[in-house]
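Participant: predicted model and sequence follow; I will ask about them next.
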Amino acid sequence: MSYAMRRTNSSSYLRRAGWVLRAWMREPMQVATVCPSSPYLTQAISDRDCVRRASTVVELGPGAGGTTLALLEQMMPESKLIAIEKTSELAAATAEIDDPRLRVEHADAQDLIDVIAQHGVSTVDVVVSGIPFSSLPQPVAKQIMQSIHRVLSPGGHLVAYQFRPDVCDYARSLFGPPTTKTVALNLPPLQIHTWEKVETPEHAKPHVAINT
């Protein structure tokens, strides 16, 4: 990587860090962390075949847009990314990304089905979620997970990056056990849980834990 590229990436990260800190100060109960996702985390989330093949990706809780940028780098030129962010400060930050494939909605993840319908979409190929399921009221977390399952096409993928594993409890009855990868080079270290939506109710795929 060139010196100029490193300076650009550092500047982008610091800018996003400023957005996240301001959002946390304004709405501390809505923002999971005061640090934006590290490049190691965003690459681990985005660098996968399901993202590269996807026609439509939904991102829940994009924060200041670091993961959004990483997803756009991997997605096809004709694909679409719908980012849904509840915190106004962070929705504004993500909306600054200049990419015709990106649609940013200042909305709640509970309204997932209605939001994508406004874009003429009923099913999607990938859902990426950074919302902290561990801090959501149980009925809300269950409703969001049910909506995710409903909008995912058969063979679609849910990718959730979390500090605590509560999301797995909400997903298990719908998706079965996840494949899990730990990204230590992030503040805080997070786990990425991945599920594939299958048409059969049987979930024979074992849980796989991978540490990096």
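Facilitator: Okay, I see it.
Participant: quick one: the strands in this structure?
Facilitator: Along the chain, the segments classed as strands by DSSP state E run 56-60, 80-85, 102-106, 124-129, 152-162, 179-183, 190-196, 208-211.
Participant: next, format those strands as TSV and append mean neighbour count.
Facilitator: C-beta: built from backbone N, CA, C; applies to glycine. Below are the strands of the chain laid out as TSV (neighbours: other CB atoms under 10 Å):
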stretch	mean neighbour count
strand 56-60	26
strand 80-85	26
strand 102-106	20
strand 124-129	24
strand 152-162	21
strand 179-183	17
strand 190-196	21
strand 208-211	11
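Participant: these: lowest mean pLDDT?
Facilitator: Looking over those, mean pLDDT reaches its minimum on strand 208-211, with a mean of 52.
Participant: ok, back up a step: of the strands of the chain, which approaches residue 41 most closely?
Facilitator: Residue 41 sits nearest to strand 179-183 of all the strands of the chain, at 4.9 Å, using CB to CB.
Participant: adjacent strands (with direction) for that closest one?
Facilitator: strand 190-196 (antiparallel), strand 208-211 (parallel) (DSSP bridges).
Participant: can you state the direction angle for it and strand 152-162?
Facilitator: 30 degrees (axes from the mean of the first three to the mean of the last three CA atoms, to 10 degrees).
Participant: and strand 179-183, C-alpha only, in PDB?
Facilitator: Output of strand 179-183 as PDB, limited to C-alpha atoms (Å, rounded to 0.1, in the frame of the first residue of the first chain):
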ATOM      1  CA  THR A 179     -20.200 -20.300  11.600                       C
ATOM      2  CA  THR A 180     -18.200 -17.900  13.900                       C
ATOM      3  CA  LYS A 181     -15.000 -16.000  13.400                       C
ATOM      4  CA  THR A 182     -13.300 -13.900  16.100                       C
ATOM      5  CA  VAL A 183     -11.600 -10.700  15.000                       C
END
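Participant: any idea how far it is from the chain center?
Facilitator: Chain-centre distance of strand 179-183: 14 Å, with CA atoms, centre = their mean, to the nearest Å.
Participant: going forward, begin numbering at 878 instead of 1
Facilitator: Right, with 878 as the first residue, what we last looked at is strand 1056-1060.
Participant: pretty sure residue 1051 contacts residue 1019?
Facilitator: No: Residue 1051 lies out of contact with residue 1019 (CB atoms under 8 Å); the separation is 9.7 Å.
Participant: ranges for the helices of the protein?
Facilitator: 880-903, 916-923, 926-930, 943-951, 965-972, 989-994, 1015-1028, 1043-1052 (DSSP state H).
Participant: for residue 1058, find the nearest of those helices.
Facilitator: It is, among the helices of the chain and with distance given as CB to CB, helix 916-923, at 6.4 Å.
Participant: spit out the contact partners of the closest residue to residue 989 other than its chain neighbours.
Facilitator: Spatially, and ignoring its direct neighbours in sequence, residue 989 is nearest to residue 1024 (4.4 Å; CB to CB, 6 or more residues apart in numbering). Taking CB atoms under 8 Å, 6 or more residues apart in numbering, we find residue 1024 in contact with 986-987, 989-990.
Participant: then residue 1070?
Facilitator: By CB under 8 Å, 6+ apart, the contact set of residue 1070 is 1035-1039, 1042, 1044-1045, 1048, 1055-1057.
Participant: related to what we said a few turns ago, among the helices of the chain, which gets the worst mean confidence?
Facilitator: Across the helices of the chain, helix 880-903 gives the lowest mean pLDDT, at a mean of 46.
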